[in-house]
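**Student:** A structural model of the following input is requested.
(chains A and B)
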Amino acid sequence: MPDATGLELLAQELREQDDGGVLATTFFRDKAAIHVAPAFVPATLAHLRGKGFRFLASVHGLDYFPEEPRLGVQYELLDMSAVDRITVTTRVSTEAPHVPTVCVDWPTANHQEREVWDMFGVVFDGHPDLRRILMPEDYEGFPQRRDFPIGGEPILFTHNEPRLPGWWQ
Amino acid sequence: MATTPRVGYRELEDSIDLSHIEHPHEEGEAELLTLNMGPHHPATHGVLRLLVTLEGEVVRDLVPMIGYVHTGIEKTAEDKAYWKVIPVVERMDYLAYYFNAMAFCGAVETLLDLEVPPRAQYLRVIHLELNRIMSHLVWLGTGALDLGAISVWWYAFRDREEILDIFEMSSGQRMHTRYIQVGGVFNDIPVGFVEKVKAFCAAFPARVDQILDLLSKNEIVVQRLRNVGVVDEERLLEYGVTGPLLRAAGNPWDLRKAAPYSSYDHFDFKIPVGTIGDNWDRFAVRAQEMKESVRIIEQAIEGLPEGPYITPDRKYALPPRHELATSMEALIHHFKLVTEGFRVPPGEAYYPVEGPRGEYGCFVRADGSSKPARVHMRDPSFVNLQAFRDMAKDHYIADLIATLAMLDPVLGGIDR
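**Tutor:** Residues are numbered from 1 along each chain as shown, chains lettered A, B, ... in the order given. A predicted model of the protein is given here:
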């Protein structure tokens, strides 16, 4: 892992590229994380790729409800030769949930960004095929958001068919 | 939901845009056929749907469609206390339950900054490696079945039964054992466990060789696997592929060696790697991995340290049963743990482990309460599936089945 000093050096290099891009850094349990503005994500990942972080292990979303901005997207980067990990995170609001896609440079992000869209409703601008991936195509709502209730789906059995009239239409 | 506007079924079908998979037939070009495989297909190893574009019998394009067994496990986990999340995450990749539990418990232990006793670490390693062998045996049996060799299935599942019996001995369950707990393991191993594992370790390498004798010199198997589904290391890395698939292409990345967790650095084992990354290499790498796992288990059984099997910190681990009758404090701890569960300080952790299919990385966000605010499993099957198009492209459709078998996806892990 880059230590706390290494993390600040990386953040400083990124700040030289774009002063407002890097919002904060955290170093928690020996794990470095850089928080950047949504528009600055591709540039950050490209810069870190130059530093050896060539493998994008995971892209996942999360919902910080009730904090604002609510939605978060995290990119887990891995440097296989130095055995080093770093997290890049960004936060967007539910009103304007737009993050530029990274799946041109990192093809692995394709399905994972689709999953974040599916579950949290984060729109990845420029994604070639941003469709729902796990939920049905006609599904409404984003089930992993924290204000989405558990158990709200009516499940169709023979005994409750009369109570859900017209379901077959 | 009651508020959803009702749309006619046909209308719904028409609303799906298929233009990205339809191929207009032009003069001078071969005619392409789009074929739907699955979701119910015996060779797709679960509920995987593939839209395959064929030119004659050759695969020209392929789109995997997933989500048929999505059960919202990550959402369910947010509604449960930390220790109650373990059984639900185990059901994600149903062939690698110890790995799911290990990734989740590791993430929670990172958040808690909790020390795991050495005996628990060794017991975890023994069960993780047994689970790896078990998962590879299912792969070997079903993979050979897809190539038309049914006997291998019986041999592989005979040995898998023995491993499941061992799991039953230590935890009472054959699958989804809930053995790995936050801070250690569920219980110490029972009398007779060590002998049983030793007997298995003594017998198993020869049995792998028996199975390999059936397959590796079989002309049909060799021709079906050699030089089929080649994807080079660079492309696999772009797709985020890890595990045996990446090692088959010559990259020796293995978290057990690269970033040892749970005392993996105490054991002497080798990492099998392939050369060109075809189906044969994938087959050979997994077969050798089973033998290396046996070596790890033998060393862990030999060097099993004495001591507690779970952290002595009563804030996180249940007190021993006999103390409940004599100690008021133990009773209070027991009551708090069972009713509310333990609280985890706010923070975020990503904990990767090397599973039978690659990197299982569990991301957990804690908000200070006794329930996780987010649990995400980076499942290798989900990520690896993206490389399938490159593997199957420009090969016969029969080879697509073989390649899918050697990709070894588990749909429970893909859809979660």
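
**Student:** count of residues packed around the residue in chain A that chain B sits nearest to?
**Tutor:** Closest approach of chain A to chain B (Cβ to the nearest Cβ) occurs at A:T108, with a separation of 3.0 Å. To be clear about C-beta, it is placed using only N, CA and C from the backbone, and glycine gets the same treatment. For A:T108, the neighbour count with other Cβ atoms under 10 Å in any protein chain shown is 24.

**Student:** which residues touch the closest residue to it other than its chain neighbours?
**Tutor:** If the residues on either side of it in the chain are set aside, A:T108 comes closest to B:G240, at 3.0 Å by Cβ to Cβ, 6 or more residues apart in numbering or on different chains. B:G240 sits next to A:F55, A:L56, A:A57, A:W106, A:P107, A:T108, B:V383, B:N384, B:Q386 when contact means Cβ atoms under 8 Å, 6 or more residues apart in numbering or on different chains.

**Student:** and the strands in the chain?
**Tutor:** Picking chain A for this. Using DSSP state E, the strands found in chain A span residues A:22-28, A:31-36, A:55-63, A:71-79, A:84-92, A:98-100, A:123-125.

**Student:** I was after chain B.
**Tutor:** Under DSSP E, chain B gives strands at B:33-37, B:49-55, B:58-65, B:180-181, B:184-185, B:347-354, B:359-366, B:372-378.

**Student:** any idea how far the residue of chain A closest to chain B is from B:V241?
**Tutor:** 8 Å (Cβ to Cβ, to the nearest Å).

**Student:** could you confirm whether the longest helix seen in chain A reaches chain B?
**Tutor:** Longest helix in chain A by number of residues, with DSSP state H as the criterion: helix A:4-17. No: judged by Cβ under 8 Å from any Cβ of the partner chain, helix A:4-17 makes no contact with chain B; its nearest approach is 15.1 Å.

**Student:** about what we covered before: out of the contacts of B:G240, who's nearest B:L245?
**Tutor:** Closest approach to B:L245 among the contacts of B:G240 (Cβ to Cβ): B:N384, at 5.9 Å.

**Student:** B:E233: neighbour count?
**Tutor:** With other Cβ under 10 Å as criterion, B:E233 counts 18.

**Student:** where does the stretch 251-400 of chain B come near chain A, residue by residue?
**Tutor:** B:251, B:253, B:258-259, B:347-350, B:352, B:359, B:361, B:363, B:365, B:373-374, B:376, B:378, B:382-383, B:385-386.

**Student:** related to what we said a few turns ago, from the chain's centre, how far out does the longest helix of chain A sit?
**Tutor:** 22 Å (Cα atoms, centre = their mean, to the nearest Å).

**Student:** report the angle between it and strand A:84-92.
**Tutor:** Counting by axes from the mean of the first three to the mean of the last three Cα atoms, to 10 degrees, helix A:4-17 lies at 50 degrees to strand A:84-92.

**Student:** so what touches helix A:4-17?
**Tutor:** Taking Cβ under 8 Å, 6+ apart as the rule, helix A:4-17 contacts A:2, A:21-22, A:25, A:27, A:32, A:34, A:36, A:40, A:43-44, A:47-48, A:51, A:86.

**Student:** residue in the stretch 151-300 of chain B with the shortest distance to chain A?
**Tutor:** Nearest to chain A in the stretch 151-300 of chain B, going by Cβ to the nearest Cβ, is B:G240, at a distance of 3.0 Å.

**Student:** grab the most central residue of the chain for me.
**Tutor:** Let's take chain A. Centroid-nearest residue in chain A: A:V73, 2.5 Å away (criterion: Cα atoms, centre = their mean).

**Student:** meant chain B actually
**Tutor:** Centre-nearest of chain B using Cα atoms, centre = their mean is B:A96, 4.0 Å out.

**Student:** what's the pLDDT at that residue?
**Tutor:** pLDDT for B:A96: 91.

**Student:** what do you get for B:T339?
**Tutor:** So B:T339 comes in at 91 (pLDDT).

**Student:** how much space between it and B:P252?
**Tutor:** Distance from B:T339 to B:P252, by Cβ to Cβ: 47 Å.

**Student:** cool, A:A11 as well?
**Tutor:** Taken as Cβ to Cβ, the span from A:A11 to B:P252 is 32 Å.

**Student:** neighbour-wise, which of those two wins?
**Tutor:** In this view A:A11 and B:P252 are compared by other Cβ under 10 Å, and A:A11 has more residues nearby, 21 against 13.

**Student:** thought B:I276 was touching B:V231?
**Tutor:** No: using Cβ atoms under 8 Å as the test, B:I276 is too far from B:V231 to be in contact (9.5 Å).
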